[in-house]
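turn this into a structure:
(2 chains)
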Number of protein chains: 2
Amino acid sequence: MERAVRDLKYFLSPRSIAIVGASENFTSISGKPLRFLKEHGYKGKIYPINPKYEELGGLPCYKSVLDVPGPIDLVLLAVNYKLVLPVLKQCAKKGVKFASVFSSGFAESGEEGKVMQQQIADLAKEAGIALCGPNCQGSVSLKDAAIGGFSAALEIRPLRVGPIGYVTQSGALGYSIFNLAQEGGLGFSFIASTGNEVDLHTLDFMEYMLEDEDTRMVIAYLEGIKDGRQFVRLAERGLALGKPIVALKVGRSEVGQKAASSHTASLTGSDAVCDAFFRQKAVIRANDIEDMIDIAALMQSIPALPEGKGLGIITTSGGGGIVAADAAADLGLDVPELGPETTAKIEEVIPAYGSALNPVDVTAQVINKAEDFWHVLDAMVAHPKIHALVIIVTMISGESGRQMGESIVKMSRMTKKPLTVAWPAGDKLMGDNLKVLSDGGVHYYKSPVRAIIAMGRLMNYATFRKGYLAGRDTAAVGSTPDGAREKALALLDEADSSLTESQGKRLFALYDIPVTQEDVARSEEDAIAIATRIGYPLALKIDSPDIQHKTEAGGLKLNIGNQDEMIAAYREVLANAKAYDTKARVNGVLIQEMVTGGTEVIVGMNNDPQFGPTIMFGLGGIFVEILKDVVLRIAPLSRDEAMTMIKEIKGFKVLAGARGRAKTDIDAIADVLVKVGAMTVELGDRIAELDINPLLVLPEGQGVRVADALVVKK
Amino acid sequence: MERAVRDLKYFLSPRSIAIVGASENFTSISGKPLRFLKEHGYKGKIYPINPKYEELGGLPCYKSVLDVPGPIDLVLLAVNYKLVLPVLKQCAKKGVKFASVFSSGFAESGEEGKVMQQQIADLAKEAGIALCGPNCQGSVSLKDAAIGGFSAALEIRPLRVGPIGYVTQSGALGYSIFNLAQEGGLGFSFIASTGNEVDLHTLDFMEYMLEDEDTRMVIAYLEGIKDGRQFVRLAERGLALGKPIVALKVGRSEVGQKAASSHTASLTGSDAVCDAFFRQKAVIRANDIEDMIDIAALMQSIPALPEGKGLGIITTSGGGGIVAADAAADLGLDVPELGPETTAKIEEVIPAYGSALNPVDVTAQVINKAEDFWHVLDAMVAHPKIHALVIIVTMISGESGRQMGESIVKMSRMTKKPLTVAWPAGDKLMGDNLKVLSDGGVHYYKSPVRAIIAMGRLMNYATFRKGYLAGRDTAAVGSTPDGAREKALALLDEADSSLTESQGKRLFALYDIPVTQEDVARSEEDAIAIATRIGYPLALKIDSPDIQHKTEAGGLKLNIGNQDEMIAAYREVLANAKAYDTKARVNGVLIQEMVTGGTEVIVGMNNDPQFGPTIMFGLGGIFVEILKDVVLRIAPLSRDEAMTMIKEIKGFKVLAGARGRAKTDIDAIADVLVKVGAMTVELGDRIAELDINPLLVLPEGQGVRVADALVVKK
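Sure, this is the predicted structure:
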């Protein structure tokens, strides 16, 4: 299933571009690319293609791509949808490797369009053309001024080059975000709009951009996810590289999903699974377009990711510090106390009504002396528990504001610790002071909360990443016992569409997942022998592929204390099953150890259409039934991931031994989660879903037992 | 306890202002007010007071307020803190009714300051001077150009007058918010900064502003709440008037509270109680300064509150609609389907790849014809299920953008349904189009999510308000049985600091709160008679004011099935109690009906320092122990409020009969909550806390019983 990263170098940064359908109306979709390329100073070759013209914008114009003298890296198609297929055929003949199709009228327009879209897809595949679109708004490499798009957002000159790679599934909204970000000072390495995604899709571009050395962060607007496993792979790569991925993944709600499916062909998939994956691999989920821009703008302005989650807050007004502290708490950041030495240092320069606690309130007074503010800044940045700094400036205008700005810019150049500013005031009053910051490369926000959220998300990302890199035992993840798969396949072959309890447990046992001691008795003698071996108390269950609901069928007897009871139960269970369904095939009676004193948890697996085997964990009883208190992760799972999962449920305290309860064997649960993850990856092509309900968790050190389980074949 | 609304007319809109300490340095704190008053065109009389000058800024300058020829409505004190007391004495002599003290150096600066602050407070009270501050940044009535402040935020000319009243406990942050809002186009009726709040405090200003006819919404930055009952009263008044209150209440977190207490004298109080109150009375809680401004700006721009929570979304790009739909779902808004008629109407003018569902995707194409967009706008506004409209515009620049803007402005003038716009793009590219909207009085956002949040908050407020006004049976709320208080006081007088279970239940019975049938037996004969009257099964409990933990003392016997068992249990309970504590006073043995089959819930009351009696409700067992699944409300409670409370807990489904459980008597729980609310308001001066644990809830129609209860006297 693993694919190589698609090499999009000459798609995004082509040495030559042909524009098929190029027009002399330079404000139209087909006219703008040529104008943009010239205006922004593209250095490669430009070939306008249109039989109507001899020359266009001062360049020779060709009748077809076949008439172009040199090789063409990228062809832009801005033609009527009916001409796309013939033009692509010419591209194939010319040996073009990349094409971007702006034309609409395909799958988004109805049945005829769908057919034509498929023809395009087939041709591109056959000819080895990597194709973006149709119905896309094109892509841009900003550093190369390679403008392969027509959006009005590209009218702004100069476009701001920077470290952010950006992919969008929505053309118009996507370029709106781009324009908003650009005007806010955010610089991009690339932008790509992917349209109907017949071939190249969002993840392909994200994966490529991650590897680009000028790109420090990849942001994406996503409606659907074409290939969940590819997303996992690229998210892991992002973690390895320390390049955060920020995703605005929409279609979370029912109405949103409905709107999405009427908008694009892409299925939005289960948002719960997607969200679980984001947590698992630290994909930063943006709540809004501004949220995404806020985080990217901070990343652009800081020299390195924060080293931890100790946040220093300096404020010129008590209120600003409180607002910031609340927001920091929401994100789970530390706002560490500074200790006597630093506190004393700060108290030297702030008035009595200030505060040398963290948040440090320097008050409006201290900024009358620039060196006093510098003194505080220096003390905070030097503090080992402070990994990043947010400075909140309220109503400091004029010269003192300018001096504060200059101090902050100066400090930002002297330290690797990230810092940012919240300066809640209008541009009219503060204009020049704010310009000191932006010209100095320090990003600022108009709201303390937005500043803290942006910084906090990066702090949490960086903290997660450290733990992830340390705890990711890649050897252990996904490893299964030798020969298990062969035996499992044999077991699955012999089973019906659903495995019986006994078959299910044999399957688990193959993967070293602890199950109750048990065996199927086919006669009373058998039953006595098995019972003697296991020891009382016991449970007896009918073993039949045709009886799913054992209780309903009277096929279940619990707490059997001795041999006489056992024999009576054996007969009763068989008789009940017969009465319940005369045609049921009966393998025998399952004789099983009675596990007492365990806490019931549930472990499940669903084969998600996007992400493949996905593991579910939750506490039994009302926690699942009433509270839906479950957590999901994509398989395979590392031990750390399994542990995080367990701790994430609301009822975790029940397992940890709240209020006089015994602490349960949490390690053993994690072990099962890891093993179920590895097993279902190995058997993902054969198992549709499984449900261990309950897994009984015994007190610490005593392990767990699969007490009942359902496995459904694929 | 009820106080009249303080009349702050001539504080906020004085006919004459004296500035004590007025300075010729017009950029200093003491110089700015005079300059601001003149620059902004204040029409009243201005009296600069400073013995150093004969004349200041072209006005005669006086040696003291006593030298001023006419009456003075408001005195601003911009003098050294040591001079505040003598100046106030002169004000008292002059008969001044209002003073605003800018000077700092009081409680915020240490012990000496605290003493001086108390002296000021005492003097103001004695002289009948309504005093704001000290350490405040003053107040402004914008419509009167009555600038009683010195903040740099007041440099902007002209200040924008509008329908928003604004009170802030933080001076610097508060005026930062003001400036940010003003430059964003938000107009204010008043702003007041309250400083150390020795006399006039935030709630006084909020209460006054609510009554002002030019004020349609009151917004507040709050650190502490001086008088919770006053807040309740003014919130109810706001609901009656249809003037929403938006509060940015900070100090939610531990770090935030610590920062707040180091910043002001005001205790932040329990945030959980405050938050519960906000829900109960629909005080809109802002998460951020921008959030607060967003909501206020929308209120300013719409003709009336929405009539319900049916939201229409029009978008020029599918993506914008999905983002908006997700945000609407988060807020619990309806995004109703439009039905065949409206859908057909819309489909007339949009292309096949658009969508006539709600969100309606008109696509970028439709805007080429302004009348087509108008057609869709008209169809949406006319739809009876649509109560408000959010229009999302992506990358529509130039002439077509201008036309869209004009259509939206035109429609906003023809309908009472609120509408707003999200236009995510930079000012450079979109400048003129955005100006069409702002000049036309339509507020727009740069983010679809922010637009939806602002509109959604007002929709939820208006929907709540309708239900509140309909369901608020003011007669029933707080009503208690005649004569209950006298009997209750007698019972409380005879009890120790905590009531015994039996005393507690007698107290509840006085207020018609159903308790288990029971009586205290003082002899075996007694016991037999009581048992025969109640009927078996029974529970026996030791009745002693000295034994709190009955189980530990062996003073509890359950499920007594007959008379023999009962007598044995009676003797055992007495003997155990004696053995447990030989000195314990024993009243006898409580003989109690055994209630079986009930669901355990908990009802509590705490006397909150800010808000007084506060009622807590939760499910028993793990819901409270592990999940802290409890909900709070301020007493007294209406029946609607009690019902909302019950439905708000996560485990509500348990009560509603999830998964085959019997539906419980929810009405009877609501009844108890209402009665406990009324009772604790009536006895709030005598009861510190109470805890009904458990209240047993029987199946629907069978009521509830207080099974055990603890009442602690005040």
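
are the longest helix along chain A and chain B in contact anywhere?
Longest helix in chain A, counting residues (DSSP state H): helix A:448-471. Yes. Helix A:448-471 is in contact with chain B by Cβ under 8 Å from any Cβ of the partner chain, via A:Pro448, A:Val449, A:Arg450. For the C-beta atoms, the positions are set from N, CA and C on the backbone; glycine is no exception.

next SSE after that helix?
Counting by DSSP states H and E, the element after helix A:448-471 in chain order, helix or strand, is helix A:484-494.

picking up where we left off before, list the buried ones in the longest helix of chain A?
Buried positions in helix A:448-471, judged by neighbour count with 16 or more other Cβ atoms under 10 Å in any protein chain shown: A:448-465, A:468.

now stretch A:653-665
Applying 16+ other Cβ under 10 Å to stretch A:653-665 flags A:Val654, A:Leu655, A:Thr664, A:Asp665 as buried.

and the residue of chain A most remote from its centre, which helix or strand is it part of?
Distance from the C-alpha centroid of chain A peaks at A:Asp564, with 57.7 Å (Cα atoms, centre = their mean). Per DSSP H and E, A:Asp564 falls inside helix A:563-580.

then that helix to CSV, C-alphas only?
Taking Å, rounded to 0.1, in the frame of the first residue of the first chain, the C-alpha atoms of helix A:563-580 are listed here in CSV:
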residue,chain,number,x,y,z
GLN,A,563,-20.0,-30.9,38.8
ASP,A,564,-23.7,-31.7,39.5
GLU,A,565,-24.7,-28.1,38.7
MET,A,566,-22.5,-28.2,35.7
ILE,A,567,-24.0,-31.3,34.2
ALA,A,568,-27.5,-30.0,34.8
ALA,A,569,-26.6,-26.7,33.1
TYR,A,570,-25.0,-28.5,30.2
ARG,A,571,-28.2,-30.3,29.5
GLU,A,572,-30.4,-27.3,30.0
VAL,A,573,-28.3,-25.1,27.7
LEU,A,574,-28.5,-27.7,24.9
ALA,A,575,-32.2,-28.2,25.4
ASN,A,576,-32.9,-24.5,25.4
ALA,A,577,-30.9,-24.0,22.2
LYS,A,578,-32.8,-26.8,20.5
ALA,A,579,-36.1,-25.3,21.6
TYR,A,580,-35.0,-21.8,20.5
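
and the next helix or strand after that helix, average pLDDT?
Using DSSP H and E, the helix or strand that follows helix A:563-580 in sequence is strand A:588-593. Over the span of strand A:588-593, the pLDDT mean works out to 94.

cool, stretch A:643-660 as well?
Averaging pLDDT along stretch A:643-660 gives 91.

run the chain-centre distance for it.
Relative to its chain's centre, stretch A:643-660 lies at 25 Å (Cα atoms, centre = their mean, to the nearest Å).

what residues does the stretch 1-150 of chain A put near chain B?
Residues of the stretch 1-150 of chain A lying close to chain B (Cβ under 8 Å from any Cβ) are A:Ser104, A:Glu108, A:Ser109, A:Gly110.

hang on, isn't the third one packed against B:Gly354?
No. When contacts are counted by Cβ atoms under 8 Å, A:Ser109 is not listed as touching B:Gly354 (10.1 Å).

out of the two, which sits in the busier spot?
B:Gly354 (24 against 17; other Cβ atoms under 10 Å in any protein chain shown).

list the contacts of the more buried one.
B:Gly354 makes contacts with B:Val360, B:Asp361, B:Val362, B:Thr363, B:Gln365, B:Val366, as judged by Cβ atoms under 8 Å, 6 or more residues apart in numbering or on different chains.

okay, now the domains of chain A?
A:9-299, A:303-471, A:517-593, A:599-713 (automatic domain parsing).

is chain B contacted by the last one?
What that stands for is domain A:599-713. Yes. Judged by Cβ under 8 Å from any Cβ, domain A:599-713 comes into contact with chain B at A:Ile622, A:Glu625, A:Ile626, A:Leu627, A:Lys650, A:Gly651, A:Lys653, A:Val654, A:Ala658, A:Arg659.

now A:Gly620, what are its backbone angles?
Phi and psi for A:Gly620, reported as degrees, to the nearest 10, are phi -80, psi -180.

just list the residues touching A:Glu337, thanks.
Going by Cβ under 8 Å, 6+ apart, A:Glu337 touches A:Leu357, A:Asn358.

10 Å instead, please
A:Thr343, A:Leu357, A:Asn358, A:Lys385, B:Val255, B:Lys258 (Cβ atoms under 10 Å, 6 or more residues apart in numbering or on different chains).

just those now: which is nearest A:Arg157?
Checking the contacts of A:Glu337 against A:Arg157 with Cβ to Cβ, the nearest one is A:Asn358 at 43.9 Å.

so the closest residue to A:Gly620 other than its chain neighbours, which of the three states?
Using Cβ to Cβ, 6 or more residues apart in numbering or on different chains and skipping the chain neighbours, the partner closest in space to A:Gly620 is A:Glu600 (3.2 Å). Of the three states, A:Glu600 takes strand according to DSSP: H, G, I helix; E, B strand; the rest coil.

who's in contact with A:Glu600?
A:Gly618, A:Leu619, A:Gly620, A:Gly621, A:Phe623, A:Val624, A:Asn693, A:Pro694, A:Leu695, A:Leu696, A:Val697, A:Ala707.

I figured the fourth one hits A:Gly651, correct?
Yes. Using Cβ atoms under 10 Å, A:Gly621 and A:Gly651 qualify as a contacting pair, with a distance of 9.2 Å.

those two: which has the busier surroundings?
Neighbours per residue (other Cβ under 10 Å) separate A:Gly621 from A:Gly651, with A:Gly651 holding more: 22 against 17.

these two touch, right, the more buried one and B:Lys628?
No. A:Gly651 lies out of contact with B:Lys628 (Cβ under 10 Å); the separation is 11.7 Å.

related to what we said a few turns ago, who wins for most neighbours among the contacts of A:Glu337?
Going by other Cβ under 10 Å, A:Asn358 tops those with 29 neighbours.

where does that one sit: helix, strand or coil?
coil.

what distance do you get for A:Lys281 to chain B?
22 Å (Cβ to the nearest Cβ, to the nearest Å).

sorry, wrong one. I was asking about A:Gly228.
Distance from A:Gly228 to chain B, by Cβ to the nearest Cβ: 20 Å.

got it, and A:Glu518?
29 Å.

and the nearest residue to that residue once chain neighbours are set aside, how far from A:Gly598?
Computed as Cβ to Cβ, 6+ apart, the closest residue to A:Glu518 that is not its neighbour in sequence is A:Gln592, at 3.9 Å. Per Cβ to Cβ, to the nearest Å, A:Gln592 is found 14 Å from A:Gly598.

same thing with A:Lys97?
In this view, A:Lys97 and A:Gly598 are 60 Å apart by Cβ to Cβ.

that older thread, what packs against the helix holding A:Asp564?
Applying 3 or more Cβ pairs under 10 Å, 6 or more residues apart in numbering or on different chains; DSSP states H and E, one finds that helix A:563-580 contacts helix A:524-534, strand A:538-543, strand A:556-560, strand A:588-593.

mind putting these into a markdown table with mean neighbour count?
Below are the helices and strands packed on helix A:563-580 laid out as a markdown table (neighbours: other Cβ atoms under 10 Å in any protein chain shown):
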| stretch | mean neighbour count |
| --- | --- |
| helix A:524-534 | 16 |
| strand A:538-543 | 25 |
| strand A:556-560 | 17 |
| strand A:588-593 | 24 |
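
immediately after the one helix or strand A:Met645 maps to, which helix or strand?
Element membership for A:Met645, per DSSP H and E: helix A:639-648. Past helix A:639-648, heading to the C-terminal end, the next element that is a helix or strand (DSSP H and E) is helix A:652-656.

tell me which residues are up against that next one.
Applying Cβ under 10 Å, 6+ apart, the set of residues contacting helix A:652-656 is A:599, A:601, A:619-621, A:623, A:629, A:631, A:646-647, A:649, A:658-659, A:661, A:663-666, A:669, A:697, A:700, B:622, B:625-627.

about what we covered before: now render the contacts of A:Glu337 as a markdown table, adding pLDDT and distance to A:Thr680.
Listed next are those as a markdown table, based on pLDDT from 0 to 100; distance: Cβ to Cβ, whole Å:
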| residue | pLDDT | distance to A:Thr680 |
| --- | --- | --- |
| A:Thr343 | 96 | 54 |
| A:Leu357 | 89 | 50 |
| A:Asn358 | 95 | 46 |
| A:Lys385 | 98 | 42 |
| B:Val255 | 84 | 43 |
| B:Lys258 | 80 | 48 |
